[in-house]
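K.L.:
The following block contains a protein sequence and its predicted model.
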Amino acid sequence: KAGVTQTPRYLIKTRGQQVTLSCSPISGHRSVSWYQQTPGQGLQFLFEYFSETQRNKGNFPGRFSGRQFSNSRSEMNVSTLELGDSALYLCASSLGAGSYEQYFGPGTRLTVT
Amino acid sequence: GQNIDQPTEMTATEGAIVQINCTYQTSGFNGLFWYQQHAGEAPTFLSYNVLDGLEEKGRFSSFLSRSKGYSYLLLKELQMKDSASYLCAVEGQAGTALIFGKGTTLSVSS
């Protein structure tokens, strides 16, 4: 069974631009969660989608948004990029929402200059 | 507020036993996960505890005390490949997002 895939793997953007990251979950998984990982803050939750609905949202500004499609694939968008948005963005999928093992993708390394 | 605390770094030698502690204060409790993350790689699932007690899985065991808001991950017969970051994550109320600790970086030396 194929794992979670994320594209692109690496991205360099400049301040003020916007970016869209993509995540394809494991086949059959309906829940997709997004996290931002930085050395200082660790893994911070962005949002979770289940069956195309946002179930949970973390404490990030409105510049961070996401969506999930009917095939469970998910995208997250960051508008008006700031230097502090430089991070590893991880997507994780699971069978359901809540207490299920999450399977993480390899992440997208975003660098904002 | 919600808080998860883990030591930042630990060191150990090959063949030894190490215990990584995690204390949490969350609104509700529905389960606790441990993940392993090697440098430059994605986190991978190690264990899940929802009831008090010890769950053993090969060289790795995880313990939970709900009344004390405390868990630990026990790694036995340490190997060099166990050098990684270990993340503790709590699901507070049912259906809410996981809250991750900042992780414990374990360095295993020969």
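P.N.:
Everything's here; your move. The structure displayed is predicted, hence computed values, not measured ones. Numbering: from 1, shown residues only, chains lettered A, B, ... in the order given.

K.L.:
helices or strands up against the least confident helix or strand in chain B by mean pLDDT?
P.N.:
Among the helices and strands of chain B, strand B:98-100 carries the lowest confidence by mean pLDDT, DSSP states H and E, at a mean of 90. Judged by 3 or more Cβ pairs under 8 Å, 6 or more residues apart in numbering or on different chains; DSSP states H and E, the packing partners of strand B:98-100 are strand A:42-50, strand B:84-91. In short, each C-beta sits where N, CA and C put it, glycine included.

K.L.:
Which elements pack onto whichever helix or strand comes after the longest one?
P.N.:
It stands for strand A:42-50. Per DSSP states H and E, the first helix or strand lying C-terminal to strand A:42-50 is strand A:53-57. When contacts are defined as 3+ Cβ pairs under 8 Å, 6+ apart, strand A:53-57 packs onto strand A:42-50, strand A:64-68.

K.L.:
would you list the ones you listed in JSON lines and tack on distance to chain B?
P.N.:
JSON lines is the format used below for the helices and strands packed on strand A:53-57 (distance: least, Cβ to the nearest Cβ, whole Å):
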{"stretch": "strand A:42-50", "distance to chain B": "4"}
{"stretch": "strand A:64-68", "distance to chain B": "13"}
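
K.L.:
gap between the least confident helix or strand of chain B and the chain center?
P.N.:
Centroid separation for strand B:98-100 versus its chain: 12 Å, with Cα atoms, centre = their mean, to the nearest Å.

K.L.:
and what of stretch A:79-95?
P.N.:
5 Å.

K.L.:
near chain B at all, it?
P.N.:
Yes - contact of stretch A:79-95 with chain B (Cβ under 8 Å from any Cβ of the partner chain) involves A:Leu90, A:Ala92.

K.L.:
Where does the prediction get shaky in chain A?
P.N.:
Segments of chain A classed as low confidence (criterion: pLDDT under 70) are A:1, A:97-99.

K.L.:
In it, what residue spans correspond to strands?
P.N.:
A:5-7, A:10-13, A:19-24, A:31-38, A:42-50, A:53-57, A:64-68, A:74-78, A:87-94, A:103-104, A:108-112 (DSSP state E).

K.L.:
can you list contacts of the second one?
P.N.:
Contact partners of strand A:10-13, identified using Cβ atoms under 8 Å, 6 or more residues apart in numbering or on different chains, comprise A:Val19, A:Leu21, A:Leu81, A:Thr108, A:Arg109, A:Leu110, A:Thr111, A:Val112, A:Thr113.
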